[in-house]
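Novice: Give me a 3D structure for the following:
(2 chains)
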Number of protein chains: 2
Amino acid sequence: MINIAILGFGVIGSGCAEVLTKNKAIIEKRLNKEINIKYILDLRNFPNNKFGNLIVHNFETILNDADVSIVVEMMGGSHPAYDFSIAALKAGKHVVTSNKEVVANFGAELLATAAKNNVRYMFEASVGGGIPLIRPMINDLAPNNILSIDGILNGTTNYILTQMTENNKTFGEALTEAQGKGYAEANPSADIEGIDAARKIVILSAIAFSKMIDTDDINVEGINEISTYDIVVAEKLGYTVKLIAHAEKTDGKITAFVSPRYVSKSNPLYYINDVFNGILINTDILGQVMFYGQGAGSLPTASSVVADIIDIIAHMDSAAANISWENALKSDIASFNDYISSSCLSFIGNISDVSKISAVFGNVDISYKDNFLYFISSKMSESDMLVAINNCPLKLRSRIKIL
Amino acid sequence: MINIAILGFGVIGSGCAEVLTKNKAIIEKRLNKEINIKYILDLRNFPNNKFGNLIVHNFETILNDADVSIVVEMMGGSHPAYDFSIAALKAGKHVVTSNKEVVANFGAELLATAAKNNVRYMFEASVGGGIPLIRPMINDLAPNNILSIDGILNGTTNYILTQMTENNKTFGEALTEAQGKGYAEANPSADIEGIDAARKIVILSAIAFSKMIDTDDINVEGINEISTYDIVVAEKLGYTVKLIAHAEKTDGKITAFVSPRYVSKSNPLYYINDVFNGILINTDILGQVMFYGQGAGSLPTASSVVADIIDIIAHMDSAAANISWENALKSDIASFNDYISSSCLSFIGNISDVSKISAVFGNVDISYKDNFLYFISSKMSESDMLVAINNCPLKLRSRIKIL
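Specialist: This next block holds a predicted model:
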């Protein structure tokens, strides 16, 4: 029998207990071993819950119990989640987490600590919720050099953009609706400002390139400035707006950033709607491969957590096979100023102002709508783009990069 | 150093040698071990090929060499591929295959033989080419009960249907073009008649439900009867035509079949075009999850083969973790007559014949085009549908099930 302890009895922690109970039969058939939830750590009591009798309030109880071999950290936030994880690994316990903040901030150290103590640190649920993603990237894509990743990694913002596109909602209306449905939190800033997606692309980038970038070092733009106008222009030009977390390694240097992008119909991410996530990976051998499914939610996320628990137990008799990440040096990271893309640009102006745009942006196909002139620029670096925008005498209304 | 032998130096076998050579550095960094291709079995010689010096013509050379621990069977066809695989497993060698025919016909026996000899039998490349699919199904979906699978599993037929839909080609024109591009073989019957997809859904169904159905026991309908008319009607009704391999387990019984289906825009499979494959899986915990990528091709398929080799080597020190399948009994399989769906039906007739349809199919929304009357039926069992079609005095032009 394998004893586990769950830290945090919130949405994911309770989902995890639920999945382990509901599908106990198939899980144990697979492993030929019984999994027992011995403790659930939470500040609260749950007297009427079927798992209520497992609640403990002191992490030391779990840490000092040699019978607990797997700690399932579902607390959220950096502290004390990080501290408990480190302590558990040092005590020779495997750790499974859904906590993207901890993985994005301390992943390299946690993986090294796990390796040193011959246990595993697993985090399939930290990106893409229930979607099989991290394990397939590590195992199935192992023969490949990953060239780039483009992910719709945040369900809340994708829901808002879908509502704005399909039902002509304003950003504010769509956000209120997302909050009503429980897709967005009361304080939705981590989602809509792109911070959640940024943490996730830091994790995927580390898996792909073995280097962990500091989340603070990547350029993050959310969807809070996206207007109905941007959505309408996207449609007119054959695009749709998606919040894309992008990472690539080119000439040995990593570029990672999060921003709204115009996505064309030829890209499979165009069709990822509502709260679904989609992650498109491009490799040297496989070409394009995409993973699609529910990026959040209690049970889907718990599915990934339990898959990690099964993976640990299935390989308990062998040497721990941890991946390892180094913290990225400045020299590992490309300057965002050098990133090359084309953009859809809108300037405030009239038909008579077309020549002012051509003078700076060359021979581009300019359209006019409601006192705005918009067009797709040629490809240029971020720094050249900023210079060009500055050189144009018209006032910029919006700029969205084309994926 | 791990010595491997490749059986068959065709498209996949040579791709496998290529990937192992091209990405030697990342593969060996991952494993901390060197992989050496010791032999390549083929009837032919390849004097000018860089791997030409590894060619042997006698399987016994490989079988009797105790240094060879992994046999990579890329021969195609049932025999001698099956015989060599069984012999290799019995000799204590791991076997990796891309051969869907062997897995679909002999998978249960090969897995049992592998388990008995404490080695592994791996076949990620047998379905979905380069797409990470089988390993994620086994590992990541382990906490889930899989409810159903719908796959676009054959790139050739998907290419033909895409050409018919997007470029108004006839079936014949699209097939000729597919052959010209190397997507379809000179004798394309296994693809267009749905046999290739049938073998693949047998494998996925066995992974999902641990029961192997005989390919001969499943209903298989290809795309050779799909006409431009069916494509046009699909578009008018908001659907597209896809060859769908379906498997589900309902009330303890498995239904599996292959047929062209009308797929709606709300289904992610609608958007899988050209030679790409997409596999949509529905589970009790995760809901919908989809895998997308290149379902064929030398290098993508080799990526899956090499991922299997890496998996074997990474876990060589632990007990072999084989899955096991039982051959399905008749009592495990649902009667296809009981399968319930709605269909798009077309009958030869005029506006004046509408009442003849309503008399049999009830209050359905009937459209008229070019001497045909078409409509979407209500949901009914296959057997009821056949009775209804028989009771209708008009001649059936075509029937396509709605997904």
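
Novice: CA only for contacts and neighbour counts going forward, please
Specialist: Will do.

Novice: number of nearby residues for A:L31?
Specialist: 16 (other CA atoms under 10 Å in any protein chain shown).

Novice: let me redo that: A:E173
Specialist: A:E173 has 14 nearby residues by other CA under 10 Å.

Novice: just the one 3 residues further on next, same as before
Specialist: Close neighbours of A:T176, defined as other CA under 10 Å, add up to 17.

Novice: and what of A:I244?
Specialist: 30.

Novice: ok, now how distant is it from A:F336?
Specialist: 16 Å (CA to CA, to the nearest Å).

Novice: Also A:L89?
Specialist: Applying CA to CA to A:L89 and A:F336 gives a distance of 36 Å.

Novice: more neighbours, the two?
Specialist: Using other CA under 10 Å, the more surrounded residue of A:L89 and A:F336 is A:L89, with 27 against 17.

Novice: Report the secondary structure state of that one.
Specialist: helix (DSSP: H, G, I helix; E, B strand; the rest coil).

Novice: Who are the contact partners of it?
Specialist: A:95, A:113-114, A:117, A:119-121 (CA atoms under 8 Å, 6 or more residues apart in numbering or on different chains).

Novice: per-residue confidence at it?
Specialist: pLDDT recorded at A:L89 is 97.

Novice: same thing with A:A320?
Specialist: 55.

Novice: go on, A:Y183?
Specialist: pLDDT for A:Y183: 84.

Novice: which phi and psi does the residue lying closest to A:S264 once chain neighbours are set aside have?
Specialist: Spatial nearest neighbour of A:S264, chain neighbours left out: A:Y239 (4.6 Å); criterion: CA to CA, 6 or more residues apart in numbering or on different chains. Dihedral pair for A:Y239: phi -120, psi 170, per degrees, to the nearest 10.

Novice: A:Y239 contacts A:K265, doesn't it?
Specialist: Yes - at 6.5 Å, A:Y239 counts as touching A:K265 under the criterion of CA atoms under 8 Å.

Novice: quick one, which of the two is more surrounded?
Specialist: With neighbours defined as other CA under 10 Å, A:Y239 and A:K265 compare such that A:Y239 has more, 21 against 13.

Novice: Looking at the contacts of A:L89, which are in helices?
Specialist: A:113-114 (DSSP state H).

Novice: Does A:I40 lie in a helix or a strand, and which?
Specialist: strand A:35-41 (DSSP states H and E).

Novice: With A:R30 instead?
Specialist: A:R30 belongs to helix A:24-31, assigned by DSSP H and E.

Novice: Likewise for A:D196?
Specialist: helix A:195-209.

Novice: list the contacts for whatever residue of the stretch 51-200 of chain A ends up closest to chain B?
Specialist: Nearest residue of the stretch 51-200 of chain A to chain B, counting by CA to the nearest CA: A:D140, 5.2 Å away. The contact partners of A:D140, taken as CA under 8 Å, 6+ apart, are B:132, B:135, B:303-304, B:307-308.

Novice: could those residues go into CSV alongside pLDDT and secondary structure?
Specialist: CSV is the format used below for these (pLDDT from 0 to 100; DSSP: H, G, I helix; E, B strand; the rest coil):
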residue, pLDDT, secondary structure
B:P132, 97, coil
B:R135, 96, helix
B:S303, 96, helix
B:S304, 97, helix
B:A307, 97, helix
B:D308, 97, helix
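
Novice: coming back round to it: name the residues of the strand holding A:I40 that are buried.
Specialist: For strand A:35-41, a neighbour-count test (16 or more other CA atoms under 10 Å in any protein chain shown) marks A:35-41 as buried.

Novice: Give the pairing partners of the next helix or strand after that strand; include direction for each.
Specialist: Next in sequence after strand A:35-41, counting helices and strands by DSSP H and E, comes strand A:55-56. Strand pairing for strand A:55-56, using DSSP bridges, gives strand A:35-41 (parallel).

Novice: List of residues touching the partner strand?
Specialist: Contacts of strand A:35-41 (CA under 8 Å, 6+ apart): A:1-9, A:17, A:20, A:28, A:54-59, A:62, A:68.

Novice: which ones among these are found in helices?
Specialist: Filtering the contacts of strand A:35-41 for helices - DSSP H - leaves A:17, A:20, A:28, A:59, A:62.

Novice: Now restrict the residues you listed to buried residues only.
Specialist: Among those, the ones that count as buried by 16+ other CA under 10 Å are A:17, A:20, A:59, A:62.

Novice: any chance you could map the strands in the stretch 251-400 of chain A?
Specialist: Taking DSSP state E, counting those that start in this stretch as the criterion, the stretch 251-400 of chain A carries its strands at A:253-264, A:276-283, A:287-294, A:326-327, A:340-341, A:343-348, A:367-369, A:372-376, A:380-381, A:395-402.

Novice: which residues are in contact with the third one?
Specialist: Counting contacts by CA under 8 Å, 6+ apart, the residues outside strand A:287-294 that touch it are A:128-133, A:268, A:272, A:275-282, A:300, B:131, B:286-294, B:300.
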